[in-house]
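*Asks:* what's the 3D shape of this:
(2 chains)
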Amino acid sequence: MNKDLHIHNSLKRTKEQFEPYNPPYVGLYVCGPTVYGEAHLGHARPAVTFDLLFRYLKHLGYKVRYVRNITDVGHLESDADEGEDKIAKKARLEKLEPMEIAEHYARSYHRNMDQMNVLRPGIEPRASGHIIEQQQMVKKILENGYAYERNGSVYFDVEKYNREHNYGKLSGRNIEELRANTRELEGQQEKKNPFDFALWKKAAPEHIMQWPSDWSSGFPGWHLECSAMSTRYLGHPFDIHGGGMDLVFPHHECEIAQSTAAKGQESVRYWMHNNMVTINGQKMGKSLHNFITLNQFFSGDHELLNKAFSPMTIRFFTLQAHYRSPLDFSSEALEAAEKGLEKLLKAGELIDRIKGGDQTDLDLGDVEEKFYQAMNDDLNTPILFAHLFDLVRYINSLDQGQARIRHEDIPRLRSLYDTFVYDILGIRRESKSDSSQLPGELIEMILQIRLEAKKNKDFETADKIRDRLRELGVIVKDTKDGYDWEVKR
RNA sequence: GGUCGCGUGGCCGAGGGGCUUAGGCACCGGUCUGCAAAACCGGUUACGGCGGUUCGAAUCCGCCCGCGACCUCCA
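*Replies:* Sure thing, here's the model as predicted:
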């Protein structure tokens, strides 16, 4: 098996060979959701992308520890009136405990991810459960002289850090540029520099979520949880840190600075970022009225959707684009993807009834090699699908007796298909609706009668039976010497 | 305004100096069929604009246009 996986490292802006720090173990950390609202496409893309990576790494034989956090402390809202915690605000508005909000949406997120066949990470740490680790990290950074305390809040001293290290190396920024581009700020006198960021923030008395600390009763800074929890569970350094491109700055930049300041060395060896999602070419946002939650996709209950789309269609569609390209959703594009997915799955079912011979028209070794090449090239799933659909055409031809395969190659074909479609891409056949519970023998019996009608040239009856069955969701396909049927819907 | 990225055929989406007319969907023609459906075979449509480098550019460079991400616990 070709294990020569190359991934794009955002830090180097280039593809490089992936070599674990401590093989065969691989540490993978991905920024998870802030649970204050329903999951939407912006959550689905990184989840599916890094699920693919997780699955592929495991397939390659690595022992992967996959950590994806749940942010339940809540980042402050960027445009909120009083810098209010997102979760706390929602809790106040709905008169619930903040933890009820977090719990509710965490469950909803899990449900959606399960529907899309996204494997659960091995560890899903919550920020609220790691306040102590975060405080320890603040202390360490203070000890090392890269932070300062003001009125109960602790800020990271970016200027000091930048004298010895390179602040901005991930996002391609430099400190002078940041100084020039920082907006006019009020009430920021606590900070030495406007680009300093909070490690610990003193909370106002009315702030719902706060914890005691050496500095004040408050809450951890925005970027701290990922630094603290990733190294807590994956060690230092660890292999891969993933997340959406929108998190590169400031979130991941600050993570690098924090880890380096606390431990003298960067924590992350490979940074991976998935690109963003647009809808009908526009960025997705609540204010633009094109904000679609996953549940709305699954139910079709949104003005931009012509119909409902299954979770697997969303997954397939996501994987049809490369993870580093922007992905544009539209009802039309999803309808096309739905058909492609159906074609792919149908071919998978046909493999079991293929008859072999003693000659073959396709070298499965070549196909397998192409599959691995595509995946090893920074998880190029669009290329993988192109090769898979070539294989689908071959399978269909085999089914129709228009191509040949050796007996002994059939199990190999089965396993090749299953490995890549089911195991690595995580695509699965979704359960059909209840209307499909028609007994097979009954359908067979009816179709036998229809076959007799056809023999008697009673096409009127034959067509009536076919039409009626279609209404029940049974698609009849005539073949040379009989018929074939499948349940639709 | 700054930094970074993108712009491919009717739609989605790979590739990335001459070979891939990637692949999916749609459309057209053919095979098969009583008719359909499915499948298979074949076909059509392309590299945002203008310059430059080169024997040769969709691919490299410059400019322009359009789109996107980010620009901080901060009103």
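
*Asks:* Could you find the closest non-adjacent residue to residue A:66?
*Replies:* residue A:121 (4.2 Å; C-beta to C-beta, 6 or more residues apart in numbering). Placement of C-beta: from N, CA and C, glycine included.

*Asks:* and the helix or strand bottoming out on mean pLDDT in chain A, how far out from the chain's middle?
*Replies:* Ranking every helix and strand in chain A by mean pLDDT, DSSP states H and E puts helix A:86-94 at the bottom, with a mean of 73. Taking C-alpha atoms, centre = their mean, to the nearest Å, one finds the center of helix A:86-94 at 27 Å from the center of the full chain.

*Asks:* is that helix anywhere near RNA strand B?
*Replies:* No: counting by C-beta under 7 Å from any atom of the strand, no contacts exist between helix A:86-94 and RNA strand B, the nearest distance being 10.4 Å.

*Asks:* Same question for stretch A:43-53.
*Replies:* No: contact of stretch A:43-53 with RNA strand B (C-beta under 7 Å from any atom of the strand) is absent, the minimum separation being 11.4 Å.

*Asks:* Do you know the pLDDT at the closest residue in space to residue A:251 that isn't next to it in sequence?
*Replies:* Nearest residue to residue A:251, sequence neighbours excluded (C-beta to C-beta, 6+ apart): residue A:223, at 5.5 Å. Note for residue A:223: predicted pLDDT of 91.

*Asks:* rewinding a little: the residue nearest to residue A:66 and residue A:399, how far apart?
*Replies:* Between residue A:121 and residue A:399 the distance, using C-beta to C-beta, to the nearest Å, works out to 39 Å.

*Asks:* how about the residues of the stretch 201-350 of chain A that lie near RNA strand B?
*Replies:* A:201, A:221-223, A:245-246, A:248-250, A:254, A:276, A:278, A:281-283, A:285, A:317, A:320-322, A:325-328, A:330, A:332-333, A:335-337, A:339-340, A:343, A:346.

*Asks:* Just those residues: which are in helices?
*Replies:* A:254, A:317, A:320, A:332, A:333, A:335, A:336, A:337, A:339, A:340, A:343, A:346 (DSSP state H).

*Asks:* Go through the residues you listed and say which is closest to RNA strand B.
*Replies:* The closest of these to RNA strand B turns out to be residue A:340 (C-beta to the nearest atom of the strand; 2.4 Å).

*Asks:* hmm, back to that, who has more neighbours out of residue A:121 and residue A:399?
*Replies:* More neighbours surround residue A:121 than the other of residue A:121 and residue A:399, with 23 against 18 (other C-beta atoms under 10 Å).

*Asks:* need the contact list for the more buried one.
*Replies:* Applying C-beta atoms under 8 Å, 6 or more residues apart in numbering to residue A:121 gives the contacts A:30, A:54, A:66, A:67, A:68.

*Asks:* Restricted to helices, list those residues.
*Replies:* residue A:54.

*Asks:* Give me the domain ranges for chain A.
*Replies:* As assigned by automatic domain parsing, chain A contains the domains A:6-274, A:278-424, A:434-487.

*Asks:* other SSEs contacting the host helix or strand of residue A:453?
*Replies:* Element membership for residue A:453, per DSSP states H and E: helix A:440-455. With contacts defined as 3 or more C-beta pairs under 8 Å, 6 or more residues apart in numbering; DSSP states H and E, helix A:440-455 has these neighbours: helix A:459-471, strand A:474-478, strand A:483-487.

*Asks:* Out of the ones you listed, the one nearest residue A:176 is which?
*Replies:* Counting by C-beta to C-beta, residue A:176 lies closest to strand A:483-487 out of those; the figure is 65.1 Å.

*Asks:* Could you list the buried residues of the closest one?
*Replies:* By 16 or more other C-beta atoms under 10 Å, the buried positions in strand A:483-487 come out as A:485, A:487.
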